[in-house]
Each structure stands twice: as structure tokens, then as C-alpha cells.
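> Mind folding the following:
(one chain, ligands or ions: 1)
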Amino acid sequence: MADTLDPDGSTTFEAEIDALLEVERFEPSEEFRRAASTTDESVYEEAERDWQGYWARRARELHWHEPFQTVLDDANPPFYRWFTDGRINVSYNCVDRHVEAGDGERVAYHWVGEEGESRTITYADLHRDVQRFANVLKGLGVGTGDVVGIFLPMIPEVVVAMLACARIGATHNVVFGGFAPSSVAERMEVSDAKVLVTVDGARRKGRTAPVKAAVDEVIDRAPSVQHVLVVRNAGVDCPMAQGRDLFYDEVAGTVEAECPAEPLDPETPLFILYSSGSTAKPKGILHTSGGYLTGVAATTKDVFDLKPETDVYWCTADVGWVTGHSYIVYGPLANGATSVMFEGAPDYPHKGIWWELVERFGVTIFYTAPTAIRACIKWGPEHPAKHDLSSLRLLGSVGEPINPKAWVWYYKVIGGERCPVVDTWWQTETGAVMISPLPGVTAAKPGSATRPIPGISAKLVDPDTGQEVLEGEGLLAIDRPWPSMLRTLYQDDERYVSTYWSRFGPRTYVAGDGARRDADGYFTIIGRIDDVINVSGHRLSTAEVESAIVAHDEVAEAAVVPEPHDLTGQAIVAFVTLTGQRQGDDALAVELREFVGARIGKLARPGRVVFTDDLPKTRSGKIMRRLLRDLAEGRELGDVTTLRDPSVVDDLRARVAAQKASS
Ligand code: PRX
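As a prediction, the model looks like this:
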């Protein structure tokens, strides 16, 4: 990627990047340390000495309607429960607490829309809007334990809807706005959602998509949905089914303004978030209230060194992913932070929009994904160079391994070699950051997420022997419960146990990632060891994409594997055999891409489709994906003698080579 680092071909710039790549450790600067809340190594040991006491202390930073005595109930592993005898309300902690402390006028979000319009939402605004929304939900019969689907774009109402659920003990199930309506219907159906909150239409890069009308076509597949609540957003006309569909603003005018936050059992389910696993059926990852909020509040404060009175924080994720849940909504709000929330894409209306917003709002903490950084590298440093980024004091990365070159570019071009970069490893399942530098304490090494944060115990395990690997490669495992851990997979305890806790027993969580550990105890995450592909930091299941492809009439079989990609980290390659007479050609490849896009969502579209007469199979008929993966990644092929027909491989190799040559 060296030639795209700087479009002017400035040798000095490239030489400076190369020089930074030689630096092994980046210590926090004196300037950063002087202002940082935590600068002392001893936090790690202190937490280690009494880790349950540590988490209890962090939990007590929140407001408890009734204090807890029990910290951890581990009587039935891996079904751990935290702070069970206390009472808490997540929405109270995120909103009311700040208003009652006299900070109601503090900005919670500087929201910016796609076309440059903006809204300023204070904590007092949230307090008013969340209560009304909660009363609307109650009016529709939603109560504790009910599931509310949320399919909304990045508008302030998405936060309000989530907090309204939290306020009354309902469980939200947010579906990322980029998913296809059929995925929304599927997720509503499997979670028994009672109400779906959506919009008339959503804007993306200057166009408007008719969301409600698209949802209408499939929502009958989810019979549990009794009401569709429509937030007016884009001024799109939409059909409304009488008795089922309601405009939010019309109902909001008819309900009470006040809805006190209910003291809830801390294990009340807060949300379900569907994520991809090894099979086509998405996993409903379930998080509860007290432990989750403890984890996200503590990590937002520590990992970003957040100071709510002075910082302006911006996480560029979408609320539809766990990063948005934890680090746009719950973590920042629990801390009373001021955030930027941006509806649009990083290149609309122009490729410098992020940096324009950093300058406009004086953003101090910026959290994004490596794929976005790589896109910025491609677009060139002239876009950030047009803006004053001197307000920034800390940068974060999440979602996929960050290659050292992207790390140093981020550090230099965006951070002005002044800001620590925190590479944060975590998952939908972990709820909150697990491995990351503490920016005022831990020296960073580009490409490494460094050490588990205080209170967390991570280790590497040899996949064959189960022995701990102190230095070298192994499976990443967490060998102690933590408050923000998932509690189960929605209505599927068995899959919860078998996916995460069966390999080394019910006290060792297997994360599904391979990693390396160096002599300093630093972790470098290599990537998934299961059939999950990480495209732009988004998890996709190979099985889910395959089953979408084979649903096409002309497809006989499909096998999907990842290949490395400069921008998106990994991309999807689909190997496809056809039925009937039609030959695989470019037109059919485009058709299949769109077919998958319509079934799952655009991000699941294969980057390449390779048509073939046969797939490599074992004698028992199992597709050997490992071989396809080696082919896609251009690696030497391992043993092919177990194949039913080894000649298939030569044919495929020729096809892959021909396609790569022509692209
Ligand atoms: O493979 C790891 C990768 O993303 C997976 C989790 O994906 P998801 O549940 O969608 O959550 C993404 C946002 C937290 C992990 O199993 N991953 C996440 N962060 C990193 C990472 N890989 C390397 N470095 C990271 N910092």
C-alpha cells in the first residue's frame, strides 16, 4: 500500500511513515500523562489482588436504587450472574442522574445529518424524550421482558428508543440499518419482538430509501409483531396498516410526559444483538443491565481517559452494532459525556467530512475502525490536512486487526504524533473492551491490543493440549467471568454452552480468535478461527452467505471463504456451481451479488464469484473450505490426497488465477 500513502508521492512523508514503523514501543507522551486520570501501573495489580472487589467498586460508581451485597453468583457456570440483590435502572444512570446533578444543559449529542443539518441534544432533552417514548411503548402493551425491535438509521431517536426500553425493563433488539428487510423480519421472528420501531425512510449519500414500505413486504413473517411504530424522518409517504401501524409523533402527543425509571433486577435483559456464528442461524447475544453498564461505563472512562466536563467524544460506528450500543450510547451516557453523532458516510458529501466535524466540534477523543483508516489512507492525507485537528488527544481503533502501517498513519496524520492510539479488542459477546492499552499507563506497540485491562484475565491456550501458552500462538480465552459478559444466546442455552464454554470447561470462555503473545505479555489478535468472515469489522457467517446464494434458482452449490483485502480487511469469495444450462458469467455474478444483498444486506455481497463445475470435496462429500481458502489467499495448497477428485483443484486454481489477472 506504500504507493497510496501519499498521492503526491512525497518521499519525506513516506520516509517518516517508514521511520515510525521502526519504532517498537510508543510510550504515552508527558503531555498526555500530565492530564490523564490513570498513570500508575499499580492499577493492574490492585485489580488483580481482588478482582471481584475491583468490579464491585466500579459498579458502585453507578447509581443503585438498592445497593447490592452479592458481587458474583457463580454457582452454575457458565451461567454467571452479577450484583443480583441490588436494583438498578440503566436509563436512570444514563440520563436522570446527570439531570439531577445539575448537568441537564450539558450536550449529550451534537448530531449532524447527512445534508449538514444539525441538532443539539442535551441531557435534559433526552430526559424529556425518553420518558415520552417509554410511555408510548407502555401504551402499546410493552412491559418488562418484552422485546422491542429497532430498525432505525443514525438519528437521535435510535438512542431515545433504546433508553426508553431500558427505562421500563423491555429488551431491545436493534438491527443495523444496512440489513435487508428480510433479515429484519427474521430477527423479529426469532426474538418474538412485540413492537418494531422504524422510520418512513432513510437517507444515504443523497438518496432516500423507503424503509417502512420495504419492511411492510416482509413483516408478516414475524407474527409476534403487534405494532409497527414509525418515526417520521425523511418525509416519505408510507402505507399504514390500520390497528397495527402508528406514527410515533401522533401517539407521543397523547401520552403522559412523566415515566419514572423503574428499579430493576440487575439481570433484567437489556438487549439482544444478533451476530454471526458458524452456522447460518444468527446468534442472539443477550446482555443484561447492571453488569453490562458497569463494564461499559468503566471502560469508557479508563480506555478513553474520558473527562465528561471537557472532552468531546466521537465514535464513528453505527448504533446497529455492539460498538454503537456500548460506545455511542451506554458507555458515554453513563459517564455524562458529550458526543458527536453523525448520520452519514465518511465520504459524503466529501472525503474530508469527518475531519471537518472534528474541527467544528473540537473533538478530543476519536474512535473508529481500521477499515475506515485504510480508506482514509487511500483518499490521501490532503483531506485531513485541510482541517485543524489539534483538539484531538486520543485515538481508538476497534473491530479487526489494525495493520502497523495503518496504525502509524493514524498516529501521524490524524493524531499529529501527539495522541496515544488505543487498539481495543473485544466482541459483541464481551459487551465491553477486554484487551487495550490504558492510554496514560501502557506503552503501545502498533498492531497489538497490548494487555487485558484491569479486572480482566485473558490467556492463550494451545488448541490441542489445552495448556496455557505464555509466549507464542494459541486460542484466545478468558478464564474468569466479567460483569459485561453475555449471559446466554437468546432462548438457546445449549448453543451458548457449546459455542463458548465446551472446549475447556464451563469456566473458560473461548473467544473464537487466534492470537499471539510476546515476551512482554502483549496480545496480537490474528483473527477468527471459526467460519466467520470479518468484512470492514462486520462479522458475517460463511454459512449464512452460502445459504443465501443457494436460494438462487440457478445455483447448485456454494462455498464461501475470505480473502485478504486492502480496504475491508477481508472480502468474501464465493465458489459456485450451477444447475441447468446457464454458464457462469459476469452478468450472473452481478445478479448473485445483488441476490445476496437483498437477502442479508449489502455488506454480505461477495466481492468475487468464481463459477466452477465442481467443488473440492472429501470422499464423504464434505466441501473442503480450507483448500478454497488457501486458493483465495494464494497460499500453497496442503494435502489434497483426501479429495474425491483431486483434479478439481487444478481447474479451480486456473480459474482463480484467470480472474485475478483480469481484475
Ligand atoms: O475477530 C475479532 C475482531 O472482531 C471480532 C468481534 O466482532 P464483533 O462481535 O462484531 O465486535 C466488533 C466490535 C467489538 C473479534 O472476535 N476484533 C475486534 N476488535 C479487534 C478485533 N481483531 C483485532 N483487533 C481488534 N482490536
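> For Glu217, the count of nearby residues, please.
By the criterion of other C-beta atoms under 10 Å, Glu217 has 11 neighbours. Quick note: C-beta positions are derived from backbone N, CA and C, even for glycine.
> The residue lying closest to it once chain neighbours are set aside: what's it in contact with?
Once flanking residues are discounted, Glu217 sits nearest to Pro181: 6.4 Å by C-beta to C-beta, 6 or more residues apart in numbering. Under the criterion of C-beta atoms under 8 Å, 6 or more residues apart in numbering, the neighbours of Pro181 are 214-215, 217-219.
> Repeat that for Pro156.
Counted by C-beta under 8 Å, 6+ apart, Pro156 has contacts 109, 111, 119, 121, 129, 341.
> Pull the most distant pair out of those residues.
Greatest spatial distance in these: Asp129 and Met341, 14.2 Å, computed using C-beta to C-beta.
> quick one: which of these two has more around it?
The neighbour count for Asp129 versus Met341, taken as other C-beta under 10 Å, is higher for Met341 (26 against 20).
> Could you confirm that one falls within a helix?
No. Applying DSSP: H, G, I helix; E, B strand; the rest coil, one finds Met341 to be strand, outside a helix.
> returning to what we had before: where's the residue nearest to Glu217 relative to Asp220, distance?
Pro181 sits 11 Å away from Asp220 when distances are taken as C-beta to C-beta, to the nearest Å.
> start to end distance for stretch 142-154?
By C-alpha to C-alpha, to the nearest Å, the extent of stretch 142-154 from end to end equals 24 Å.
> On the strand side of things, show who the one residue in the stretch 151-300 of the chain that gets nearest to the ligand bridges to.
Residue nearest to the ligand within the stretch 151-300 of the chain (C-beta to the nearest ligand atom): Ser275, separated by 5.4 Å. Taking DSSP bridges as the rule, Ser275 bridges to Lys283.
> is it true that it touches His538?
No. Using C-beta atoms under 8 Å, Ser275 is not in contact with His538; the gap is 9.6 Å.
> Give me the more crowded residue out of the two.
Between Ser275 and His538, counting by other C-beta under 10 Å, His538 is the more crowded of the two (24 against 21).
> Could you check the pLDDT of that one?
On pLDDT, His538 comes in at 89.
> separation between it and Tyr509?
His538 is 22 Å from Tyr509, by C-beta to C-beta.
> And Ser224, by the same measure?
31 Å.
> Looking at those two, which one has more neighbours?
Higher neighbour count among Ser224 and Tyr509: Tyr509, with 24 against 16, using other C-beta under 10 Å.
> That one pairs with what?
Beta-bridge partners recorded for Tyr509 (DSSP bridges): Ile478.
> ok, Asn403 - how many residues close by?
Using other C-beta under 10 Å, Asn403 has 17 neighbouring residues.
> what's the answer for the one 3 residues further on, then?
Other residues near Ala406 come to 22 when the count uses other C-beta under 10 Å.
> next one: the one 3 residues further on
Burial of Trp409 is recorded as 24 neighbouring residues (other C-beta under 10 Å).
> The closest residue in space to it that isn't next to it in sequence and Leu357, how far apart?
The shortest distance from Trp409 to any non-neighbouring residue, by C-beta to C-beta, 6+ apart, is to Ile377 (5.3 Å). Here Ile377 is placed at a distance of 19 Å from Leu357 (C-beta to C-beta).
> How about Val433?
24 Å.
> Compare neighbour counts for the two and give me the winner.
It is Val433, of Val433 and Leu357, that has more neighbours when counted by other C-beta under 10 Å, with 29 against 20.
> mind listing what that one touches?
299, 303, 398, 424-426, 453.
> Would you point out the most distant pair within the residues you listed?
Val398 and Ile453 (13.6 Å).
> Just the helices from the stretch 251-400 of the chain, written as ranges.
With DSSP state H, counting those that start in this stretch, the ranges of helices along the stretch 251-400 of the chain come out as 290-303, 322-324, 331-334, 353-361, 370-379, 382-385.
> Make a markdown table out of these and add mean pLDDT and distance to the ligand.
Output for these, formatted as a markdown table (pLDDT from 0 to 100; distance: least, C-beta to the nearest ligand atom, whole Å):
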| stretch | mean pLDDT | distance to the ligand |
| --- | --- | --- |
| helix 290-303 | 98 | 11 |
| helix 322-324 | 97 | 5 |
| helix 331-334 | 98 | 12 |
| helix 353-361 | 98 | 19 |
| helix 370-379 | 93 | 8 |
| helix 382-385 | 97 | 22 |
